[in-house]
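1. Make a model of this:
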Amino acid sequence: FGLTALKQKLRSRDSEGVLKNLRTVTTNLETYRSQLSEQGFDQSLITRFTDALTFIDADNQHQFEIVNRRKTIVANNIELVNDLYKTIIEICDVGKAIYKSKDALKVKDYTFSELKKNVRNTKKVKS
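-> Next up, the predicted model:
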């Protein structure tokens with residue numbers, strides 16, 4: 001009938017598997033509706049299975065849309081991030097060139113890894 005497989009997919013939180021098995025169960029419920037009603041199976045239970053299928057399918061579709069939207073946003077932002085990186089590297093190169101002859105100790109402050117370290121330390125101090 002499909003209930004055992006449905007329970008297994010529910011326990012493992014596999015939404016695609018739940019949808020597949022829930023479709024099987026609802027199809028079987030519709031196919032054997034007359035026999036089930038003779039045994040006392042209420043129509044409201046069939047409706048609950050159908051509603052659950054609709055609800056889970058809608059949520060699954062919404063999750064898919066969120067993931068796709070996130071991928072699009074990342075693709076759009078990659079150019080901005082690359083431009084920012086180029087600007088930071090340019091600033092580092094200019095800072096190294098300026099301090100190379102004036103103050104050799106400050107040259108280290110204008111490396112990308114040193115800037116990252118300073119940013120990370122600033123975050124730790126604030127939190």
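2. ok, longest helix in the protein?
-> Using DSSP state H to define each element, the chain has its longest helix at helix 43-102.
3. Show me what the helix or strand following it is packed up against.
-> With elements assigned by DSSP states H and E, the helix or strand that comes after helix 43-102 is helix 104-107. Identification of packing neighbours for helix 104-107 by 3 or more C-beta pairs under 8 Å, 6 or more residues apart in numbering; DSSP states H and E yields helix 43-102. Where you see a C-beta, it was placed from the backbone N, CA and C, and this is true even at glycine.
4. Out of the helices and strands in the chain, which is least certain?
-> helix 112-126 (a mean of 76; mean pLDDT, DSSP states H and E).
5. what comes into contact with that helix?
-> Ile88, Ile89, Cys92, Lys108, Asp109 (C-beta atoms under 8 Å, 6 or more residues apart in numbering).
6. so the third one sits right up against Tyr110, yeah?
-> The reference is to Cys92. Yes: Cys92 is within contact range of Tyr110, at 4.7 Å (criterion: C-beta atoms under 8 Å).
7. now the contacts of helix 112-126 in TSV, with neighbour count, distance to Leu115 and pLDDT?
-> Output for those, formatted as TSV (neighbours: other C-beta atoms under 10 Å; distance: C-beta to C-beta, whole Å; pLDDT from 0 to 100):
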residue	neighbour count	distance to Leu115	pLDDT
Ile88	13	7	88
Ile89	12	10	90
Cys92	18	7	86
Lys108	11	11	81
Asp109	14	8	81
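8. So, low pLDDT: which residues of the protein?
-> The chain contains residues with pLDDT under 70 at 123-127.
9. how about 80 then?
-> 104-105, 119, 122-127 (pLDDT under 80).
10. returning to that earlier point: helices or strands next to the longest helix of the chain in the packing?
-> Judged by 3+ C-beta pairs under 8 Å, 6+ apart, helix 43-102 is in contact with helix 15-31, helix 33-38, helix 104-107, helix 112-126.
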